[in-house]
Structure formats: C-alpha cells, structure tokens
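> can you look at this prediction? I've put the sequence above it.
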Amino acid sequence: MNKELEHFLKALINRLTDYDIEQLNNDTPIAALDLVSLDFVTIKVEAKKTLDVDIDLNALAEAKPNTFGELMAYLQNKYVEEK
C-alpha cells in the first residue's frame, strides 16, 4: 500500500500545486509544496473516494508533519494499516 499511497499523494500534489513532482522526495518540506487548507480538503475527499480512507484533518494538523516523508508515514500508520 505504501507505493499506492505515495503515487496517490504525488499525483494530487502534482495536480494541486506548481511543485516539480520530480523533485519531491521524503525530505521535501511540506511548506515547500505551498499546500493551502483547501488542498488538504481535496486530499481528504480524494483519499476517501480512491483509497476508502477517511482522513481526520484536525488530527493531521495536530500531528504537524514537516516533510513529505512524515506525511506519508503519518497517513500510512494512522489510516492505511488500520484497513
């Protein structure tokens, strides 16, 4: 599932931002992606439709992932492995 999640997130980030997806790696700061709150809502909706995962945006905000890798790890641990 990790590769599926990574592909899912990268595709969304590519669609939602101007960030060069080829440069995106686990050390990429979330701040560099210029995601806004509406982008996170889109990620939540798409995750529900595509992965059948309901992301709690408040819990995600409290977790404060700083990098793409931390975001991936949070989503993998919190939501995907529960399935």
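Done, it's in.

> so what's K78 closest to, chain neighbours aside?
The spatially closest residue to K78, leaving aside those adjacent along the chain, is A59, at 7.3 Å (C-beta to C-beta, 6 or more residues apart in numbering). Just so you know, the C-beta spots here come from the backbone N, C-alpha and C atoms, and that holds for glycine as well.

> that neighbour: helix or strand, and which one exactly?
For A59, the host element (DSSP states H and E) is helix 57-63.

> point out where this structure drops to low pLDDT.
1, 80-83 (pLDDT under 70).

> quick one: the helices in it, in order.
Assigned by DSSP state H, the helices in the chain fall at 2-16, 37-51, 57-63, 68-75.

> out of these, deepest packed?
helix 68-75 (a mean of 19; mean count of other C-beta atoms under 10 Å).

> what does that helix rub up against?
With contact meaning C-beta atoms under 8 Å, 6 or more residues apart in numbering, helix 68-75 is reached by 2, 5-6, 9, 24-28, 30, 33, 47, 53, 55, 60, 63, 65.

> let's see that with 6 Å instead.
The contact list for helix 68-75, computed with C-beta atoms under 6 Å, 6 or more residues apart in numbering, reads 24, 26, 28, 63, 65.

> roughly how far apart are the nearest residue to the fourth one once chain neighbours are set aside and F68?
The one in question is A63. Excluding its sequence neighbours, the residue lying closest to A63 (C-beta to C-beta, 6+ apart) is Y74, at 5.2 Å. Distance, Y74 to F68, by C-beta to C-beta, to the nearest Å: 11 Å.
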